[in-house]
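Trainee: Fold the following for me, if possible:
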Amino acid sequence: MFEYFYHEILRRTIISFGSLFNGIEIKHLDSSGDVDEVIKVPLAYGPTQKFLARLEQSPDLNKPTSITLPRMSFEFTGLQYDGTRKVTTTQTFKSQSVGIATAIRKTYMPVPYNMSFELSIFTKLNDDMLQIVEQILPYFQPAYTLSVNLVDTIGEKRDIPIVIENVTMQDDYEGNYSTRRSLLYTIRFTAKTYLFGPVGDTTKASRDIIKKVRVGYVQDDTSTPTRDLTYTVIPRATKSYTDNVVTNLAQDVGTTSNILQVNDSSGISENTYIAINNESIYVDRKEGNTLFTKRGQDNSIPGSYVRGTAVNLITDADDALIEVGDDFGFDGSVS
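Mentor: Below you'll find the predicted structure:
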């Protein structure tokens, strides 16, 4: 626990949220109804109070250094655990590392958190405000979904709903004619994101797994022990980690049938294991494209399969990818 990791999930979500409002424009019309000016509304990250303070410090319309309106700002304001989206804490999933075909990583399911955002809109004209708001609200019914690449190492991309909560309005229109008017709309959102813990590397973890055990048996007299029997156990993969499809079923198969018809058995040898879906099957012998098998190996449950179902071959490459928690199948040899 508390090993260092940083996926930049919160940062990525903040940037993705801000990108939603980075291209908003307003238009001013002349007396004939033609477009006289197109203004792109600038967007900045920061608290609302910062921009209000700027307005209060430079309220004079005649000052050339006064803050330019319209403009928008947004801020990440809070983080809250969302128990309604919780899944089993011990549930895991595997994925391949980006750019490394053989590196399989395992991680626990992410933790759901809600990120709170505030989008503040400042204008001096009411029509400017209405143009901006009307370009935002129709997309949230009440949520707009963003696809965010949360964890680069495993290529984990998730859809993050951005839910609109409420809209508040404030109109500071007091003082004389030289005092600057400022309209302020605040829109609050909730982003339903996920936080990932450390991403484990199964290939590294597998190096810590005992891959071979040898036990020597001795006779009753331990004063001068002699090794009479050696028992060697080597762990074997009970499923296909590499999805090595070698053929397909040529006929439908029931749960009690031990004879399998395949399209091509050339890639399957006798005394080997194959996998169909989650069932481990031992191939005792074969004749042509007919396999004589022992079903339901390694405590797997025999299933019914239709013609065309993929048949995976369990090989040494799968043995190398055995992960912690796998039901090891032991191939014992006595010498």
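
Trainee: Identify each buried residue in stretch 124-140, please.
Mentor: Asp128, Met129, Gln131, Ile132, Val133, Ile136, Phe140 (16 or more other C-beta atoms under 10 Å). For the C-beta atoms, the positions are set from N, CA and C on the backbone; glycine is no exception.

Trainee: Out of these, the closest to Thr190 would be?
Mentor: Phe140 (10.8 Å; C-beta to C-beta).

Trainee: how much space between the closest one and Gly296?
Mentor: To Gly296, Phe140 is 52 Å away according to C-beta to C-beta, to the nearest Å.

Trainee: Kindly report the same for Asn166.
Mentor: 57 Å.

Trainee: Counting neighbours around each, name which of these two comes out higher.
Mentor: Gly296 (16 against 8; other C-beta atoms under 10 Å).

Trainee: For that one, which non-adjacent residue is spatially closest?
Mentor: Of all residues not flanking Gly296 in the chain, Pro302 sits nearest, at 4.4 Å (C-beta to C-beta, 6 or more residues apart in numbering).

Trainee: Could you pull up phi and psi at the one you found?
Mentor: phi -60, psi 140 (degrees, to the nearest 10).

Trainee: Quick one: residues contacting Ser262.
Mentor: Careful, residue 262 is Val and not Ser. Counting by C-beta atoms under 8 Å, 6 or more residues apart in numbering, Val262 touches Thr247, Asn248, Leu249, Ala250, Ile268, Asn289, Thr290, Leu291, Val311.

Trainee: From what I see, the third one and Val306 are in contact.
Mentor: I take that to be Leu249. Yes - under the criterion of C-beta atoms under 8 Å, Leu249 makes contact with Val306 at 7.4 Å.

Trainee: Those two: who's more crowded?
Mentor: With neighbours defined as other C-beta under 10 Å, Leu249 and Val306 compare such that Leu249 has more, 19 against 9.

Trainee: wait, what's in contact with that one?
Mentor: Leu260, Gln261, Val262, Asn263, Ile276, Tyr305, Val306, Arg307, Gly308, Thr309, Val311.

Trainee: and if we set it to 7 Å?
Mentor: Listed by C-beta atoms under 7 Å, 6 or more residues apart in numbering, the contact partners of Leu249 are Leu260, Gln261, Val262, Tyr305, Arg307, Gly308, Thr309, Val311.

Trainee: For the last one, give me phi and psi.
Mentor: I take that to be Val311. Phi and psi for Val311, reported as degrees, to the nearest 10, are phi -110, psi 120.

Trainee: Next one: it, what pLDDT does it get?
Mentor: In this model, Val311 is scored at 93, pLDDT.

Trainee: Tell me what it is bridged to.
Mentor: Thr247 (DSSP bridges).

Trainee: Please give me every residue in contact with the nearest residue to Ile314 once chain neighbours are set aside.
Mentor: Nearest non-adjacent residue to Ile314, counting by C-beta to C-beta, 6+ apart: Tyr273, 4.3 Å away. If you count contacts by C-beta under 7 Å, 6+ apart, Tyr273 has them with Ser280, Ile281, Tyr282, Gln297, Ile314.

Trainee: wait, which of those residues is closest to Arg71?
Mentor: Checking the contacts of Tyr273 one by one against Arg71 (C-beta to C-beta), the nearest turns out to be Ile314, at 62.1 Å.

Trainee: So which of the buried residues of stretch 124-140 are in helices?
Mentor: Among the buried residues of stretch 124-140, the members found in helices (DSSP state H) are Asp128, Met129, Gln131, Ile132, Val133, Ile136.

Trainee: Was I right to think the fourth one contacts Ile121?
Mentor: Yes - using C-beta atoms under 7 Å, Ile132 is in contact with Ile121, at 5.4 Å.

Trainee: what helices or strands is the helix or strand harbouring Phe292 leaning on?
Mentor: Using DSSP states H and E, the element containing Phe292 is strand 290-297. In terms of contacts (3 or more C-beta pairs under 7 Å, 6 or more residues apart in numbering; DSSP states H and E), strand 290-297 is packed against strand 259-261, strand 279-287.
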